[in-house]
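J.: Just a sequence and a predicted model for now, questions to come.
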Amino acid sequence: TKTPVTVAVTGAAGNIGYALMFRLASGAMLGPDQPIYINAIELPFAMEALKGVIMELRDCAFPLVKGILATDDAEQGFENADYALLVGSKPRSKGQERSDLLKENGGIFETIGRILNKVAKKTCKTTVVGNPANTNCLITAHNAPDIPSENFSSMMRLDHDRGLAQAALKLGHDPQDITEFAVWGNHSATMFPDLTYARLFGETYRHTFGNKEFDAWNEKEFIPTVQQRGAAIIEARGSSSAASAANAAIAQTRDWVHGNDGRWLTMGIKSGGEYGIPEGLWSGFPVEVDGEGNYAIVKDLPISSFQEEQIGKSVKELLSERDAVAELLH
Ligand code: NDP
């Protein structure tokens, strides 16, 4: 049997946390043979709610869970962490400026980065879910200089899976029939879900769809639908997506750790300047994983002017987010 690993989760009593904890505990992220310690981290005001979540978690009697810690002390919560899922962040309050929200959350992730650096394992892998996820991830990594920056990813998997689902639905296929799809840029309405290279059973998606019809549908329906999906869910459900966000956090981390069947994935990772995306930004890229915890950006893709324009819009936003939190990045 494997040695237990420690998974720290912030915002564990929130909406996403409530959906995520049970999937994590069931083995959906690290596999059915990997025992885990769960460290649930919350703010003091949410500790009572967290107590209830932990009671339910215990009541599931999950065989893989070897211990549960509930704490509002992040140093205790991240101690020896092998994995960190950073879900907790501050929602935008009414009338608040975006730049103020960025700074407030930046402060949260600055602290978390420092604490991870101090107490987590140097091999700890972190997935950032709390918004603005890409910029929060940048801040966290920046403040954890002793942990390799490749170990920090922001969640882009929900955007990826939303894209796959829409593209599959349109042609009456299963999402996993589509390969070579990815989402570039920020986890926000500026993201670019990119079907340029996508294939359906080896044939290009574009060709299967019909070359002529593809461009109109792609630009007028597909891209905006994926970009606006979060807002559409709030409109329909009355609150933001939670179960699908939790699923995406689990799936992104699972595939990062265990690999997949050679398909492209989307992860928010540090740019080294690839495809003109400025170095040091955390952006969505098409990546491949090797099953041993490593990923690499898919290389040498031809980029059309349409793609360049779409990617550029989202990169512009990432740059302005970075500017807004510049004081946290010295
Ligand atoms: P949710 O659980 O609904 O969301 C948590 C974060 O995930 C938000 O920033 C949310 O962004 C983000 N998110 C990322 N992708 C998505 C997506 N596709 N759909 C929806 N959300 C997405 O928030 P709650 O307010 O219910 O819970 C947050 C919890 O975090 C609270 O219990 C709070 O106490 C805790 N918290 C803990 C901290 C800590 O432990 N250090 C720090 C701050 C908060 P968006 O806001 O844009 O919806």
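T.: Good, I have the coordinates.

J.: Ramachandran coordinates for the residue of the chain found nearest the ligand?
T.: Closest approach of the chain to the ligand (Cβ to the nearest ligand atom) occurs at residue 14, with a separation of 1.9 Å. Bear in mind the C-beta positions are built from the backbone N, C-alpha and C, glycine included. Backbone torsions of residue 14, given as degrees, to the nearest 10, read phi -80, psi -170.

J.: contacting residues for it?
T.: 46, 87, 88 (Cβ atoms under 8 Å, 6 or more residues apart in numbering).

J.: Most neighbours among those, which one is it?
T.: Using other Cβ atoms under 10 Å as the neighbour test, those are led by residue 87, with 27 neighbours.

J.: any idea how far that one is from residue 153?
T.: 14 Å (Cβ to Cβ, to the nearest Å).

J.: do residue 20 as well
T.: Per Cβ to Cβ, residue 20 is found 16 Å from residue 153.

J.: same check, this time on residue 15
T.: 21 Å.

J.: Show me which of those two is the more surrounded one.
T.: Comparing residue 15 with residue 153 by other Cβ under 10 Å, the one with more neighbours is residue 153, at 25 against 16.

J.: Spell out which residues of this protein are next to the ligand.
T.: Residues of the chain that fall close to the ligand, judged by Cβ under 6 Å from any ligand atom: 10-11, 13-17, 41-43, 46, 87-91, 108, 129-131, 133, 158, 230, 240-242, 245.

J.: Mark which of these are buried, thanks.
T.: 10-11, 13-17, 41-43, 46, 87-89, 108, 129-131, 133, 158, 230, 241-242, 245 (16 or more other Cβ atoms under 10 Å).

J.: Quick one: residues contacting the residue lying closest to residue 264 once chain neighbours are set aside.
T.: Ranked by Cβ to Cβ, 6 or more residues apart in numbering and with sequence neighbours excluded, the top spatial neighbour of residue 264 is residue 286, at 4.8 Å. With contact taken as Cβ under 8 Å, 6+ apart, residue 286 is in contact with 180, 182, 184, 194, 197, 264, 265, 266, 297, 298, 301.

J.: wait, residue 12 sits on residue 50?
T.: Yes: if you go by Cβ atoms under 8 Å, residue 12 and residue 50 touch, sitting 5.8 Å apart.

J.: More neighbours: which of these two?
T.: Between residue 12 and residue 50, residue 12 has the larger neighbour count (other Cβ under 10 Å), namely 29 against 23.

J.: in what helix or strand does the residue nearest to the more buried one when sequence neighbours are not counted lie?
T.: With sequence-adjacent residues excluded and distances taken as Cβ to Cβ, 6+ apart, residue 12 is closest to residue 40, at 3.7 Å. Secondary structure from DSSP states H and E places residue 40 in strand 36-41.

J.: pretty sure residue 35 is touching residue 66, no?
T.: Yes: between residue 35 and residue 66 a contact is recorded at 4.9 Å, counting by Cβ under 8 Å.

J.: Identify the contacts common to the two.
T.: In contact with both residue 35 and residue 66: residue 4, using Cβ under 8 Å, 6+ apart.

J.: Comparing the two, which shows the higher neighbour count?
T.: Legend: neighbour count by other Cβ under 10 Å for residue 35 and residue 66, higher for residue 35 (17 against 14).

J.: Contact partners for that one?
T.: The neighbourhood of residue 35, defined by Cβ under 8 Å, 6+ apart, consists of 1, 2, 3, 4, 5, 64, 65, 66.

J.: Mind pulling up the pLDDT for it?
T.: Looking at residue 35, its pLDDT reads 98.

J.: Also residue 151?
T.: pLDDT at residue 151 comes out at 98.

J.: Just give the nearest non-adjacent residue to it, would you?
T.: Closest to residue 151 by Cβ to Cβ, 6+ apart is residue 125, at 5.1 Å.

J.: got it, and residue 189?
T.: Using Cβ to Cβ, 6+ apart, the closest residue to residue 189 is residue 227 (4.8 Å).
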